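> with the sequence up front, the predicted model follows.
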Amino acid sequence: MNVLFKTMAAALLMGGSAMTMAANDGQTRASELLNADPQYRETWTQVVKKEERLPEWVMNLSGTSEQMTAVTEDDDKYLVGQLCEKQETCLNNRLIVAFSFDKEDAYAMWVQVPAGLPADKSPTRHADYRFLGKPDEGMQKLLMETLKKDPHWY
């Protein structure tokens, strides 16, 4: 009877921690990361400190953002999300960010599309892409795939 109780308790604890992880998955927004944990701020500061001509909203990850999602790339887990200075300019100026779960690495892709682009012109063909944090080819692909999930991106 005692062994059965211990087995059930262990199963409940493991199930509870898995539920906690699932509940936290995607509940973070890119615009909240730097204030949520000093380690995120330190990692992001390392990414942007040698970059030139970045706007303040990119430097501080401030603006509007949606919930981030957990993604696996090359057996490593990342929190990935999109950030825009303002919701109304998001199609023209956005940042896709990825932070490793251990908060040691961060990467981003800053996407700019000329303002006033006619609706019949594809933003993909007119966009400038700037990668931050020196992402490898696999991470660049992950950032691009995240962008392509936007239904307004074609």
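Arrived safely. Keep in mind it's a predicted model, so treat the numbers as computed, not measured.
> residue boundaries of the strands in the chain?
Applying DSSP state E to the chain gives strands spanning 64-65, 69-73, 76-84, 93-100, 106-112, 128-132.
> now stretch 41-61 - C-alpha only, CSV.
Taking Å, rounded to 0.1, in the frame of the first residue of the first chain, the C-alpha atoms of stretch 41-61 are listed here in CSV:
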residue,chain,number,x,y,z
ARG,A,41,17.9,42.0,-20.2
GLU,A,42,21.6,41.1,-19.9
THR,A,43,21.4,38.7,-22.8
TRP,A,44,19.5,41.2,-25.0
THR,A,45,22.0,44.0,-24.1
GLN,A,46,24.8,41.8,-25.4
VAL,A,47,22.9,41.3,-28.7
VAL,A,48,22.3,45.0,-29.3
LYS,A,49,25.3,46.7,-27.8
LYS,A,50,27.5,46.5,-30.9
GLU,A,51,24.6,47.2,-33.4
GLU,A,52,24.3,50.6,-35.0
ARG,A,53,21.3,52.7,-35.7
LEU,A,54,18.7,50.7,-33.9
PRO,A,55,15.5,52.5,-32.8
GLU,A,56,14.7,52.7,-29.1
TRP,A,57,11.8,50.3,-29.3
VAL,A,58,14.2,47.6,-30.7
MET,A,59,16.9,48.4,-28.1
ASN,A,60,14.4,48.1,-25.3
LEU,A,61,12.0,45.6,-26.7
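> still on that earlier bit, I'd like to know which of the strands of the chain is closest to residue 141.
Set against residue 141 and scored by CB to CB, the strands of the chain come closest in strand 69-73, at 8.2 Å. All C-beta spots, glycine's among them, are computed from the backbone N, C-alpha and C.
> surely residue 91 meets residue 122?
No - using CB atoms under 8 Å, residue 91 is not in contact with residue 122, being 11.7 Å away.
> more neighbours: these two, which one.
residue 91 (17 against 11; other CB atoms under 10 Å).
> ok, and the closest non-adjacent residue to that one?
Among residues not flanking residue 91 along the chain, residue 152 sits closest, at 5.8 Å (CB to CB, 6 or more residues apart in numbering).
> neighbours around the one you found, how many?
7.
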